[in-house]
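Participant: The sequence isn't on hand, but the structure is:
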């Protein structure tokens, strides 16, 4: 009798072990934990190119008259192409980046306004602009939205001709490098670990430049005296950067 019990117990143990092994084999394997993906880094040195459009506004104020004695048009607006390059460096904190950028751009063309009698004109040309700016803003994974501002420099030529019919010296031309300010904002998108593209809007102001011209007269009427030029610039441009 004990022998039968022993055989029955052995068979039961074997069946239990076989059943438990089958159930264990049927259980799904636990998936490995996902490897965390590092956020794109904006930190580091970069260099790139830019191109866009520039809108220039210039005011000329003072004793300006046409040959007919009427007031000379004293405001000029013009649109030109602008293109150049930039270099900068970014530092990054979680969801925030800041840095410094320097750029240099050349402008094409110039603006001119002629008076109806054809004897008088106002012209202006900004040959180049350069800036040194701070940048700071919020990062959204592979996007960076920022504000920027700093100092600006430009070579500016302003010319006004009051058009005296008597041939007296009524032309004032002023060309120099002027310092001013620049402020704006933009957004950049990271295409890869090394390439970014972006768009930027910048507003420039170069203060006032007053120059004294020789006074001329026709019949006792002053034609051209001290003239003050004021130049402003708005730039909309695209950017392509390579990040090291």
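Facilitator: The structure has been received and is ready for your questions. From a predicted model like this one, the values you see are computed outputs, not experimental measurements.

Participant: Show me what the helix or strand containing residue 78 is packed up against.
Facilitator: Element membership of residue 78, judged by DSSP states H and E, is strand 75-93. Using 3 or more CB pairs under 8 Å, 6 or more residues apart in numbering; DSSP states H and E as the contact definition, the elements that strand 75-93 packs against are strand 44-64, strand 96-107, strand 111-114, strand 121-140, strand 224-243. All C-beta atoms are positioned from the backbone trio N, CA, C, and that covers glycine.

Participant: okay, now residue 228: neighbour count?
Facilitator: Applying the criterion other CB atoms under 10 Å, we find 14 residues in the vicinity of residue 228.

Participant: about what we covered before: format the helices and strands packed on strand 75-93 as TSV; extra columns: mean pLDDT and distance to residue 193.
Facilitator: As requested, those are exported to TSV (pLDDT from 0 to 100; distance: least, CB to CB, whole Å):
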stretch	mean pLDDT	distance to residue 193
strand 44-64	87	10
strand 96-107	98	15
strand 111-114	75	43
strand 121-140	93	15
strand 224-243	87	8
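
Participant: just so I know, which of the ones you listed lies nearest residue 177?
Facilitator: strand 121-140 (9.2 Å; CB to CB).

Participant: strand partners of the next helix-or-strand element following the closest one, parallel vs antiparallel please.
Facilitator: Tracing the chain C-terminally past strand 121-140 and defining elements by DSSP H and E, one meets strand 143-161 next. The pairing partners recorded for strand 143-161 under DSSP bridges are strand 121-140 (antiparallel), strand 171-190 (antiparallel).

Participant: Pull out the buried residues from strand 143-161.
Facilitator: Residues of strand 143-161 classed as buried by neighbour count (16 or more other CB atoms under 10 Å): 143-144, 146, 148-149, 152-156, 158-161.

Participant: Let me have the strands paired with strand 143-161 in TSV, extended by distance to residue 77 and mean neighbour count.
Facilitator: As requested, the strands paired with strand 143-161 are arranged in TSV below (distance: least, CB to CB, whole Å; neighbours: other CB atoms under 10 Å):
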stretch	distance to residue 77	mean neighbour count
strand 121-140	10	19
strand 171-190	18	16
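
Participant: Which one of those strands lies nearest to residue 44?
Facilitator: strand 171-190 (11.7 Å).

Participant: who are the neighbours of the following helix or strand past the closest one, in terms of helices and strands?
Facilitator: Where DSSP H and E defines the elements, the next helix or strand beyond strand 171-190 is strand 195-211. Contacts of strand 195-211 with other secondary structure elements, assessed using 3+ CB pairs under 8 Å, 6+ apart, are made with strand 44-64, strand 143-161, strand 171-190, strand 224-243.

Participant: Export the ones you listed to TSV and append columns for distance to residue 85.
Facilitator: Putting the helices and strands packed on strand 195-211 into TSV (distance: least, CB to CB, whole Å) gives the following:
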stretch	distance to residue 85
strand 44-64	5
strand 143-161	15
strand 171-190	16
strand 224-243	10
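
Participant: Identify whichever of these lies nearest to residue 109.
Facilitator: By CB to CB (comparing all of those), the closest turns out to be strand 44-64, at 9.6 Å.

Participant: Given that closest one, what are its sheet partners and their directions?
Facilitator: Under the criterion DSSP bridges, strand 44-64 sits next to strand 75-93 (antiparallel), strand 224-243 (antiparallel) in its sheet.

Participant: winner for burial among the ones you listed?
Facilitator: strand 224-243 (a mean of 19; mean count of other CB atoms under 10 Å).
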